[in-house]
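Q: sequence and predicted structure are below.
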Amino acid sequence: MIMNGAYDKTNNHFLFLSGIFLAFVTTAVISSYYWLIAAPFVLLLFYFGWQNWQFIFFVLVFSLPWSVEYNFNSSLGTDLPAEPLMWCVAALFIAHFFFKPSVMLRAWQHPLIFLLLIYFGWIVITVPFSSDWLLSLKFLLAKGWYIIAFVFVPRAIFKNKRAIRLAALLFLISMLLVTALSLYRHSQFGFTFATINDAISPFFRNHVNYSAMLVCTFPLLIAIYQLNRKYRFLIIGLSIIVLAAIFFSYARGAWLAFFVGLISYWLIQNRKLFLTYVVLILVIIASVFWIKSNDRYLQYANDYKTTIFHKNFEEHLIATYKLKDVSTAERFNRWIAGVKMLKDNWLTGYGPNTFYYNYKPYAIPAFKTWVSDNKDHSTVHNYFLLTIIEQGAPGLLFFLVLLGACFYYSEMVYQRVQDKFYKVVGLACGVLLAMITVVNFLSDLVETDKVGSLFFLCIAMLVAVDISTRNENNVATQ
């Protein structure tokens with residue numbers, strides 16, 4: 001009788017799903033909207049995800065290095081397959097929340113989650129005041145599913161060492177495979193600076209994005225080395241390959257991030273990372289006021305005719321030192337315009353995702369370069385400056401506090417926790433966040449599906465480690 005009941009239930013599910021499929025197919029044929037045929041498969045994927053939502057999350061993590069940009073038109077694009085997987089994971093989380101709200105709410109009870117929600121809440125407030133609320137709304141929605149997919153969902157999954165280890169290994173293996181492919185393709189071009197973007201296409205927009213993801217694999221390799229010495233020769237070999245790939249990425253920001261990561265490793269061990277972070281913020285603020293006073297920045301104006309892009313990397317480095325490299329010169333152009341924008345809209349900013357459409361009236365002609373009118377609609381090339389421009393001073397303050405809290409928890413967990421696994425995870429997250437901070441001082445990669453995902457995953461891991469180790473007696477058995 002029990003078996004018959006189970007059979008009837010399964011049979012009813014099959015008939016129900018078959019009826020839905022036939023209904024959509026019939027509607028598609030009658031209306032000529034043939035895309036409706038895909039709807040039942042989306043429902044089937046959602047049903048599968050409901051039963052195996054952790055599996056979909058791990059597939060998402062593995063897909064990050066391989067995702068490619070796809071543009072439907074000039075104003076609408078996505079990253080495949082990463083972004084649709086984010087939507088699926090986010091939708092599943094929201095559905096689970098409605099069924100088990102008390103369980104989900106308990107998962108949010110952590111200071112880092114609280115600070116993240118405050119930061120996101122301020123973004124919500126800025127949208128109605130935006131110079132283009134539709135662009136800002138798109139930004140808000142994207143930020144929302146990033147946070148759900150890479151903070152809230154991992155918070156529910158990272159309940160033991162196995163889940164954290166699996167996520168880290170999936171990302172690392174995936175990125176190493178992309179790196180091997182990119183190195184092979186780059187070798188066919190002779191490892192030249194001019195061909196690096198061709199070698200990494202279509203998985204990365206440019207060598208900056210590639211190098212930023214690449215340098216973030218190094219803390220994971222070091223963590224595995226510390227936890228599994230029996231694989232030391234394999235880890236050393238992979239580390240050499242990663243270092244070679246970082247070198248041949250020809251990205252100055254990634255090189256700098258690598259050395260900052262080494263320094264951060266020492267700072268966390270000596271509980272000085274958070275203090276260093278606060279001091280650096282004060283130094284940067286003082287430097288901005290100094291260079292702005294008496295218009296000192298004008299002496300760094302470039303010569304439009306001599307500021308060019310160099311295909312030879314040695315010439316590129318020399319031009320950077322002499323401030324004649326076009327990318328460096330354009331950064332100065334955007335930064336100066338960005339700072340000048342603040343006086344007119346310092347509280348709520350110009351709205352998320354609107355910098356490009358507002359900065360030109362504030363640009364100084366003396367700093368203009370031949371790429372100032374590029375078709376990529378690139379931003380200010382500094383995530384912190386971009387945040388205060390688009391989200392106002394409170395937006396930057398909330399973000400800096402969140403980032404500082406992450407550094408604090410990283411070194412606090414490292415000092416407090418006795419379990420070696422969680423100790424190393426806390427250390428790796430702190431080093432990763434320090435590296436991401438450096439590359440975002442010269443770009444805005446937090447808003448990309450690759451580096452941005454790692455940023456939020458680090459927050460989720462720090463929360464998981466802190467909560468999992470509050471009772472040290474239970475840690476060893478997890």
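A: Noted; the coordinates are in hand.

Q: now the strands for the stretch 51-200 of the chain?
A: In the stretch 51-200 of the chain, the segments counted as strands under DSSP state E, counting those that start in this stretch are 68-71, 77-80.

Q: let me know which of those strands is tucked in deepest.
A: strand 77-80 (a mean of 16; mean count of other Cβ atoms under 10 Å). To be clear about C-beta, it is placed using only N, CA and C from the backbone, and glycine gets the same treatment.

Q: what packs against that one?
A: strand 68-71 (3 or more Cβ pairs under 8 Å, 6 or more residues apart in numbering; DSSP states H and E).

Q: how far does the strand it packs on sit from the chain's center?
A: Relative to its chain's centre, strand 68-71 lies at 17 Å (Cα atoms, centre = their mean, to the nearest Å).

Q: other SSEs contacting it?
A: Short answer (3+ Cβ pairs under 8 Å, 6+ apart): strand 68-71 packs on strand 77-80.

Q: okay, now the sheet partners of the strand it packs on, with direction.
A: In the sheet, strand 77-80 lines up against strand 68-71 (antiparallel) (DSSP bridges).

Q: picking that back up, turn the strands of the stretch 51-200 of the chain into CSV, columns for mean pLDDT.
A: Compiled in CSV, the strands of the stretch 51-200 of the chain are given as follows (pLDDT from 0 to 100):
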stretch, mean pLDDT
strand 68-71, 84
strand 77-80, 82
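
Q: where along the stretch 101-250 of the chain do the helices fall?
A: 101-107, 111-126, 133-147, 153-157, 161-188, 196-200, 207-215, 217-227, 232-248 (DSSP state H, counting those that start in this stretch).

Q: the last one: which residues count as buried?
A: I take that to be helix 232-248. Neighbour-count burial for helix 232-248 flags Ile235, Leu238, Ser239, Val242, Ala245, Ile246, Phe248 (criterion: 16 or more other Cβ atoms under 10 Å).

Q: buried residues in the longest helix seen in the chain?
A: With secondary structure taken from DSSP state H, the chain has its longest helix at helix 383-416. For helix 383-416, burial by neighbour count (16+ other Cβ under 10 Å) applies to 383-392, 394-396, 398-400, 402-414.

Q: quick one, the helix or strand just after it and helix 161-188 angle?
A: Later in the chain than helix 383-416, the nearest helix or strand by DSSP states H and E is helix 420-441. Here the directions of helix 420-441 and helix 161-188 differ by 40 degrees (axes from the mean of the first three to the mean of the last three Cα atoms, to 10 degrees).

Q: hang on, the earlier thing: out of the strands of the stretch 51-200 of the chain, the one nearest Phe97 is which?
A: strand 77-80 (24.3 Å; Cβ to Cβ).

Q: so how far is the closest one from its chain's centroid?
A: Strand 77-80 sits 15 Å away from the centroid of its parent chain (Cα atoms, centre = their mean).

Q: for it, list the C-alpha coordinates in PDB.
A: Presented in PDB, the C-alpha positions along strand 77-80 are these (Å, rounded to 0.1, in the frame of the first residue of the first chain):
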ATOM      1  CA  GLY A  77      24.200  42.100 -21.300                       C
ATOM      2  CA  THR A  78      25.000  39.300 -19.000                       C
ATOM      3  CA  ASP A  79      27.800  36.800 -18.100                       C
ATOM      4  CA  LEU A  80      27.200  33.200 -19.200                       C
END
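
Q: contact partners of it?
A: Ser67, Val68, Glu69, Tyr70, Asn71, Phe72, Pro84, Asp449 (Cβ atoms under 8 Å, 6 or more residues apart in numbering).

Q: what about the first one, neighbour count?
A: A total of 24 residues lie near Ser67 under the criterion other Cβ atoms under 10 Å.

Q: that one: what's it in contact with?
A: Asp79, Leu80, Pro81, Ala82, Glu83, Phe203, Asp449, Lys450.

Q: correct me, but the fifth one touches Gly452?
A: Looking back up the chat, that one is Glu83. No: counting by Cβ atoms under 8 Å, Glu83 stays clear of Gly452, with 11.4 Å between them.

Q: okay, and the common contacts of those two?
A: Both Glu83 and Gly452 lack any common contact, where contact means Cβ under 8 Å, 6+ apart.

Q: looking at the helices of the stretch 101-250 of the chain, which is buried most?
A: Stretch with highest mean neighbour count among the helices of the stretch 101-250 of the chain: helix 207-215 (a mean of 26; mean count of other Cβ under 10 Å).

Q: mind exporting the C-alpha coordinates of that helix to PDB?
A: This file holds the C-alpha atoms of helix 207-215, laid out as PDB (Å, rounded to 0.1, in the frame of the first residue of the first chain):
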ATOM      1  CA  HIS A 207      44.500  41.300 -18.800                       C
ATOM      2  CA  VAL A 208      43.500  43.400 -15.800                       C
ATOM      3  CA  ASN A 209      40.400  41.200 -15.000                       C
ATOM      4  CA  TYR A 210      42.500  38.100 -15.700                       C
ATOM      5  CA  SER A 211      45.400  39.100 -13.500                       C
ATOM      6  CA  ALA A 212      43.100  40.100 -10.600                       C
ATOM      7  CA  MET A 213      41.500  36.600 -10.500                       C
ATOM      8  CA  LEU A 214      44.900  35.000 -11.100                       C
ATOM      9  CA  VAL A 215      46.600  36.700  -8.100                       C
END
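
Q: mind giving me the packing neighbours of that helix?
A: If contacts are counted by 3+ Cβ pairs under 8 Å, 6+ apart, helix 207-215 sits against helix 161-188, helix 196-200, helix 232-248, helix 252-269, helix 420-441, helix 451-468.

Q: give me the mean pLDDT for the third one.
A: When pLDDT is averaged along helix 232-248, the result is 95.

Q: what's in contact with it?
A: Taking Cβ under 8 Å, 6+ apart as the rule, helix 232-248 contacts 176, 179-180, 182-183, 186, 191, 196, 211, 214-215, 217-218, 221-222, 224-225, 228, 254-255, 258.

Q: check the gap between Ile263 and Tyr277 for me.
A: To Tyr277, Ile263 is 12 Å away according to Cβ to Cβ, to the nearest Å.

Q: what about these two, which has more around it?
A: Tyr277 (20 against 14).

Q: residues contacting Tyr265?
A: Ile222, Leu427, Val431.

Q: the second one - nearest residue in space that isn't next to it in sequence?
A: If I follow you right, that is Leu427. Of all residues not flanking Leu427 in the chain, Tyr414 sits nearest, at 5.1 Å (Cβ to Cβ, 6 or more residues apart in numbering).

Q: tell me the contacts of the one you found?
A: Ile268, Gln269, Arg271, Lys423, Gly426, Leu427, Gly430.

Q: give me the buried subset of the residues you listed.
A: Neighbour-count burial (16+ other Cβ under 10 Å) is assigned, among the contacts of Tyr414, to Ile268, Lys423, Gly426, Leu427, Gly430.

Q: just put those residues in a markdown table and tack on distance to Leu22 and pLDDT.
A: What follows is the buried ones among the contacts of Tyr414, written out as a markdown table (distance: Cβ to Cβ, whole Å; pLDDT from 0 to 100):
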| residue | distance to Leu22 | pLDDT |
| --- | --- | --- |
| Ile268 | 59 | 97 |
| Lys423 | 57 | 97 |
| Gly426 | 53 | 97 |
| Leu427 | 56 | 97 |
| Gly430 | 55 | 98 |
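
Q: looking at those, which is nearest Leu115?
A: Nearest to Leu115 among the buried ones among the contacts of Tyr414 is Gly430, at 16.3 Å by Cβ to Cβ.
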